[in-house]
Each structure stands twice: as structure tokens, then as C-alpha cells.
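>>> model the following, please.
(one chain, ligands or ions: 2)
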Amino acid sequence: MSLAYVSTRGEAPKLGFADAMLAGLARDGGLYVPEAWPTLSQDVIAGFAGKSYAEVAEAVIAPYVGDAIAPAKLREMISEAYAVFRHPAVTPFVQTGPNRFVLELFHGPTIAFKDVAMQLLARLMDHVLAERGLRTTIIGATSGDTGGAAIEAFRGRDRADVFILMPHGKVSEVQRRQMTTAPDANVHAIAVDGSFDDCQALLKAAFNHHAFRDRLALGGVNSINWARVLAQVVYYFVAAVALGGPRRAVDFVVPTGNFGDVFAGYVAKRMGLPIGRLVVATNVNDILARTLETGRYEVKGVTPTTSPSMDIQVSSNFERLLFDACGRDAGVVRAAMASLAQSGAFTLNEGTLANILAEFDAGRADESTVAQTIGKVHRETGYLLDPHTAVGHAVADAAGLDPATPTVVLATAHPAKFPDAVEAASGVRPELPAHLSELMSAPERVNQLPNDLAELEAFVEKRARIVQDAAA
Ligand SMILES: Cc1ncc(COP(=O)(O)O)c(C=O)c1O
Ligand SMILES: N[C@@H](CCOP(=O)(O)O)C(=O)O
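Ligands and ions are numbered 1, 2, ... in the order given. Below is the predicted model of the structure:
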């Protein structure tokens with residue numbers, strides 16, 4: 001049997017795994033979550049020691065998939081997805097201090113952690129679409145990394161057209177080129193005049209326009225899609241077990257923007273993984289740190305930083321945490337989201353905030369701290385952090401964590417994605433891995449659009465093959 005998935009806003013139909021994955025956003029604007037958290041026994045978790053990444057992935061993911069995909073097919077897709085990674089461990093560690101470990105999540109094709117989930121998601125979606133004889137039109141929003149990973153994972157696939165919205169002029173050159181140099185006809189990079197939050201709002205508005213959504217069979221590859229978050233749960237198990245779990249707890253510090261990655265850590269904990277603290281690390285765009293300090297989630301303007309992928313104010317997956325932390329009362333979530341839409345803020349009640357603080361800590365790192373951290377870690381260990389990982393490393397330094405507990409900082413991007421910031425902080429210009437050697441000279445193809453839903457919809461309608469098929 002497949003688990004049922006419910007919307008955080010309680011007004012969309014319950015779906016099985018495959019339908020929730022194809023739906024992306026729930027029809028009531030909410031996010032799908034499993035009706036209950038599957039758990040793994042401590043013996044099963046202990047048994048992950050010595051297993052390959054793909055084997056652990058199968059054990060963690062299968063309970064969420066149930067009979068929606070045949071087990072042998074699921075195993076095959078997982079094995080293929082992680083075979084494309086350039087490191088045999090898929091997500092190896094580097095030690096940067098006593099009991100401090102950096103978990104490198106950037107050995108996939110686009111050298112950011114998004115590949116870990118996207119390589120699997122593309123295969124899962126393709127499989128389900130092929131079984132059903134369907135096509136999808138994917139709209140994605142990116143602050144820099146999701147877009148490149150999605151384009152790489154879906155390019156050339158016959159069943160999906162992909163439209164990626166990026167904030168014009170606000171991603172790094174490497175990130176932009178990863179989105180604009182794919183020659184495949186089924187992928188479209190769109191530079192929007194606005195911020196990532198504008199891109200994500202456009203995406204959600206397109207999904208909430210049901211006539212458009214249905215005509216185009218819209219699909220999502222952002223962390224609004226439950227399957228994206230699910231695939232990210234795996235590396236928490238892999239990392240914790242490598243450091244002695246489940247016999248001892250491990251703390252995780254997670255560079256955070258849209259709250260998908262750290263929410264995946266929360267899911268791992270709900271499943272039975274002994275995680276000590278989950279630390280939300282933000283740059284100066286610190287809505288999440290402020291929310292945990294004050295109980296008030298309040299959107300302010302976005303400040304550009306050297307960690308542009310985390311220049312986010314409206315942090316989509318916080319809605320999933322809110323749903324759990326308020327006792328899964330969809331009415332509370334609806335009220336909070338209505339208040340957010342109306343006044344740009346909502347306030348958590350005491351019990352909900354206490355439930356969140358029981359699991360999470362938070363901290364922020366400003367720009368000079370990020371630069372100092374890159375320089376210091378490089379001087380002391382020879383290791384180059386990217387600016388997003390440096391946010392995590394700096395927050396870990398200040399978080400007051402128990403020194404006897406291993407701390408894992410998630411390394412979410414390769415430093416060569418942000419060479420200017422890394423060079424300025426360390427004096428060393430990081431080189432792109434060899435497989436990206438053509439990237440900086442390949443011709444670019446990009447479309448520019450205003451921050452306007454009607455224009456976006458017209459652009460997509462004109463190019464999506466699903467519309468052309470229907471007209472033929
Ligand atoms: C390099 C990098 N680090 C951290 C984050 C933040 O992750 P999340 O949005 O899952 O919180 C992102 C964007 O998602 C990113 O691209
Ligand atoms: N930082 C992300 C923003 C989108 O996050 P997602 O996890 O919801 O896809 C990016 O790099 O695009």
C-alpha cells in the first residue's frame with residue numbers, strides 16, 4: 001500500500017505517492033506531507049552501516065512510495081541516479097575541526113546539493129509519466145541552484161518541458177550558465193525582473209490558476225514537491241550512521257533558504273534517526289532566525305549577499321513545519337498563510353513555537369563573518385568552503401553546541417560556483433571540476449520576462465509541447 005499524502009491546508013484531495021509527486025503543489029495552495037511519518041527501528045538504522053548510499057536510499061524512500069512503483073524499478077532508478085555522482089560515497093565527509101564535519105553534497109552534475117534529489121526526481125517522474133502515457137509542463141523557481149539541477153536532470157526528456165524562473169542578474173555567472181547553455185529544446189531559462197521570492201510567487205500563482213494548471217498539466221520540481229524533500233532525507237541517515245548513529249546523536253547545521261533541506265533533517269528525526277539539534281543557518285536574509293527568536297514570521301526586503309541561493313524571504317517549507325508543530329491543524333495553517341498574503345506576516349502561538357524550539361536552533365551570519373569563515377577555515381585546514389556552506393560553518397561556531405556531539409555542516413555547493421566571493425575571502429580562485437570545462441564558453445539562450453503572471457502564462461503556453469499536441 002502507498003501512504004496517503006495530505007495538504008497542509010486541508011482542502012485538497014488526499015493523494016497517493018505518485019499523484020502527489022506529479023501534482024507538486026496541492027490544489028488548495030498547500031504542500032503535501034505524508035498522513036503519518038513512517039519510522040525505522042534502531043536496528044534497521046544501525047544496519048545502514050557499511051551499506052552503499054543507494055541501499056540506504058532505498059530503505060528510507062521505499063516506505064513513502066509503497067506500491068506506487070514496483071520495488072525492483074525503484075531500486076533501478078535509485079541506483080542509476082546515484083551512479084552519476086563523481087564520488088563513490090555520493091556524499092562524503094571532510095573534517096574541518098574537532099568533532100566538526102562538512103558533508104559534501106555537491107558531487108553531482110551541477111555541483112550543488114540539488115542534484116541529490118533532482119537526479120532521482122526526474123527518473124521517478126519520467127517513469128510514472130511513461131506508465132500513464134502522460135506529459136508534464138514543469139515550472140520551477142530558482143535562486144540559482146534548483147534551476148541548473150532541474151535543467152540537467154530533465155533535459156532531452158520527452159515527457160517534460162521545463163521552464164525555469166530565475167531572478168534577473170541575481171545569480172552567479174556559473175549558476176546562470178548552467179541554466180542558459182543547455183541546447184535542448186525542452187528546457188527554457190527565463191530571467192524575471194524581480195527576486196527569487198517573486199519567481200516563487202509567480203510559480204505558485206500559476207499552480208493556483210487551475211484552468212492553466214490543468215491545461216498545461218503543470219508539475220513542480222522545487223521543494224514544494226514532496227518527492228524532492230524525501231530524497232534529501234537520505235543523506236541525514238548516511239551521515240549520522242557514518243558518525244556512530246544511531247548509538248549516539250549527531251547535530252546538523254543546515255544553510256537554509258526555502259527550508260527544504262533542514263525540513264528533510266526534521267523528517268529523518270521523525271523517522272527515528274537520533275539527531276540532537278537541527279540548526280537553521282541563514283545569511284542576513286534571516287526571516288527564519290527571526291521567527292525562531294520572536295515567534296513572528298515577518299517578510300522584509302531581500303538583501304543581495306555572496307550566498308545568493310539563500311537570498312530568500314518567503315521560505316516555502318516552513319509551512320510543512322508549521323503544520324506539524326501546530327498539531328496538524330490545517331485551519332491554523334490556512335489562517336497563517338492568509339495573514340502572510342495579506343500583511344506579509346503571521347505570529348506563532350506559544351505552543352507551536354515551543355514545539356519548533358524543541359527541535360530547532362537558528363543563527364545568522366553576516367557578510368563579513370562569512371568571508372572571515374572562508375578565510376579562516378582555508379588558512380587552518382586548506383579546505384575551501386563555498387559561501388553558503390560558510391554560513392553554516394559560521395553559525396555552527398556560534399551555536400553553543402555540545403562539543404562532545406559530532407556536528408555536521410551541510411556543504412550545499414562547490415566553491416567554484418561562487419569563485420569571486422571565495423577568492424576575495426581566501427585568495428584562492430576555485431577551479432570548476434573538469435566535466436564543466438566548456439561551461440564558461442558555451443553559447444547562452446535566455447528569455448527575459450517581467451514579473452507578470454499573464455506574460456509568463458502566455459510564454460509557457462506558446463512553447464509547451466502539451467499545448468501543441470492538443471492543437472494537432
Ligand atoms: C547552495 C545552497 N545552499 C543552501 C540553500 C538553502 O536550501 P533550502 O532552500 O533547502 O533551505 C540553497 C537553496 O535552496 C542553495 O542553493
Ligand atoms: N535555493 C534554491 C531555491 C529554491 O529552493 P527549492 O529547494 O524549493 O527548489 C535554488 O537554488 O534555486
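>>> for the rest of this, base every contact and every neighbour count on C-alpha atoms.
Noted.
>>> contact residues of the stretch 1-150 of the chain facing ligand 2?
With Cα under 6 Å from any ligand atom as the criterion, the stretch 1-150 of the chain meets ligand 2 at residues 142-147.
>>> so how far is the helix or strand encompassing residue 21 from its chain's centroid?
In this structure, residue 21 is located in helix 17-23 according to DSSP states H and E. Put simply, helix 17-23 sits 17 Å off its chain's centre (Cα atoms, centre = their mean, to the nearest Å).
>>> one more: stretch 56-70?
Centre to centre, stretch against its chain (Cα atoms, centre = their mean), the figure for stretch 56-70 is 20 Å.
>>> hmm, who's touching it?
Stretch 56-70 is touched from outside by 1-3, 16-18, 34, 38, 48, 71, 74-75, 78, 230-231, 233-234, 237-238, with contacts defined as Cα atoms under 8 Å, 6 or more residues apart in numbering.
>>> alpha carbons only: can I get that stretch in PDB?
What follows is the C-alpha trace of stretch 56-70 in PDB, where atoms were taken according to Å, rounded to 0.1, in the frame of the first residue of the first chain:
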ATOM      1  CA  VAL A  56      20.300   3.400   2.300                       C
ATOM      2  CA  ALA A  57      18.200   5.500  -0.100                       C
ATOM      3  CA  GLU A  58      16.100   2.500  -1.000                       C
ATOM      4  CA  ALA A  59      15.400   1.700   2.700                       C
ATOM      5  CA  VAL A  60      14.500   5.300   3.600                       C
ATOM      6  CA  ILE A  61      12.400   6.100   0.500                       C
ATOM      7  CA  ALA A  62      10.500   2.800  -0.100                       C
ATOM      8  CA  PRO A  63       8.100   3.200   2.900                       C
ATOM      9  CA  TYR A  64       6.900   6.500   1.300                       C
ATOM     10  CA  VAL A  65       6.500   5.000  -2.100                       C
ATOM     11  CA  GLY A  66       4.700   1.800  -1.100                       C
ATOM     12  CA  ASP A  67       3.200   0.100  -4.100                       C
ATOM     13  CA  ALA A  68       3.100   3.200  -6.300                       C
ATOM     14  CA  ILE A  69       6.300   2.000  -8.000                       C
ATOM     15  CA  ALA A  70       7.400  -1.600  -8.300                       C
END
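>>> and that stretch, which residues are buried?
Buried residues in stretch 56-70, counted by 16 or more other Cα atoms under 10 Å: 56-66, 68-69.
>>> out of these, which one sits closest to residue 119?
For those, the residue nearest residue 119 by Cα to Cα is residue 57; the value is 12.8 Å.
>>> for that closest one, helix, strand, or coil?
Three-state assignment for residue 57 (DSSP: H, G, I helix; E, B strand; the rest coil): helix.
>>> can you check the one 10 residues further on too?
Here residue 67 is recorded as helix under three-state DSSP.
>>> which strand residues bridge residue 345?
residue 298 (DSSP bridges).
>>> now do residue 1, the pLDDT please.
The pLDDT attached to residue 1 in the predicted structure is 60.
>>> interface residues of the protein facing ligand 1?
Taking Cα under 6 Å from any ligand atom as the criterion, the neighbours of ligand 1 within the chain are 112, 145, 255-261, 309-310, 388, 412-413.
>>> what's the helix or strand for the nearest residue to residue 219 once chain neighbours are set aside?
Using Cα to Cα, 6 or more residues apart in numbering and skipping the chain neighbours, the partner closest in space to residue 219 is residue 138 (4.5 Å). The secondary structure element spanning residue 138 is strand 136-141 (assigned by DSSP H and E).
>>> which residue is the nearest non-sequential neighbour of the residue of the stretch 301-450 of the chain found nearest ligand 2?
Distances between the stretch 301-450 of the chain and ligand 2 by Cα to the nearest ligand atom are smallest at residue 309, namely 4.2 Å. Counting by Cα to Cα, 6+ apart, residue 143 is the residue found nearest to residue 309 once chain neighbours are left out, at 4.7 Å.
>>> quick check, that neighbour in contact with residue 313.
No - between residue 143 and residue 313 there is no contact, the gap being 11.4 Å when judged by Cα atoms under 8 Å.
>>> the two: which is more packed in?
residue 143 (28 against 22; other Cα atoms under 10 Å).
>>> circling back to that earlier point, widest-spaced pair of the buried residues of stretch 56-70?
Maximum pairwise distance in those, criterion Cα to Cα, is 19.2 Å, between 56 and 68.
>>> returning to that earlier point: mind listing what the residue nearest to residue 309 touches?
Neighbouring residues of residue 143 by Cα under 8 Å, 6+ apart: 166-167, 170-171, 196, 308-312.
>>> save the residues you listed as TSV, and put in pLDDT too.
Written out in TSV, the entries for those read as follows (pLDDT from 0 to 100):
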residue	pLDDT
166	98
167	98
170	97
171	97
196	97
308	97
309	97
310	98
311	96
312	96
